[in-house]
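Engineer: Generate coordinates for the sequence data below:
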Amino acid sequence: MRKGDDLDPKGLIFEAYRIEGILKSECRTIFLDWALSLPMETDTAQTLRALIEKYAKDMPQHPMSEVMHEGLVGMAAPRRRGGWRSRARD
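Structural biologist: As a prediction, the model looks like this:
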């Protein structure tokens, strides 16, 4: 069994690229598991950029490449904070 590295501690991303016929929905599940397995102090965006450089540049059409790119874009997009209370008027 292959042990991961600093970018991919469990080797999840590595293994996803090895699974023939993997679906994008399966890649999303693997990506979530990868993200949750990172140590809290990890700069996730920087780590994700490094993984994209490592894998996606050679396999841009792979579903995991798409998921990683979407994840990076999602991190950069500002998100509205608060719920209905933040929009309620006094």
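
Engineer: Helices along the protein, start to end?
Structural biologist: Ranges of helices in the chain, per DSSP state H, are 12-18, 24-37, 44-51, 63-76, 84-87.

Engineer: pull the CA atoms of the first one into CSV?
Structural biologist: Meaning helix 12-18. Extracted C-alpha coordinates of helix 12-18, given in CSV (Å, rounded to 0.1, in the frame of the first residue of the first chain):
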residue,chain,number,x,y,z
LEU,A,12,-6.3,9.6,-1.8
ILE,A,13,-5.7,11.9,-4.8
PHE,A,14,-3.0,9.6,-6.1
GLU,A,15,-5.4,6.6,-6.0
ALA,A,16,-8.2,8.5,-7.6
TYR,A,17,-6.1,9.1,-10.7
ARG,A,18,-5.4,5.4,-10.9
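
Engineer: List the buried residues of it.
Structural biologist: For helix 12-18, the neighbour count (16 or more other CB atoms under 10 Å) marks 12, 13, 14, 15, 16, 17 as buried. Where C-beta positions appear, they are placed from N, C-alpha and C, glycine not excepted.

Engineer: do the same with the fourth one
Structural biologist: In terms of neighbour count (16+ other CB under 10 Å), helix 63-76 has its buried residues at 63, 64, 65, 67, 68, 71, 72.

Engineer: Rebuild these as CSV, extending it with distance to residue 48.
Structural biologist: Formatted as CSV, the buried residues of helix 63-76 follow (distance: CB to CB, whole Å):
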residue, distance to residue 48
63, 16
64, 12
65, 12
67, 10
68, 6
71, 6
72, 5
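
Engineer: That'll do, ta.
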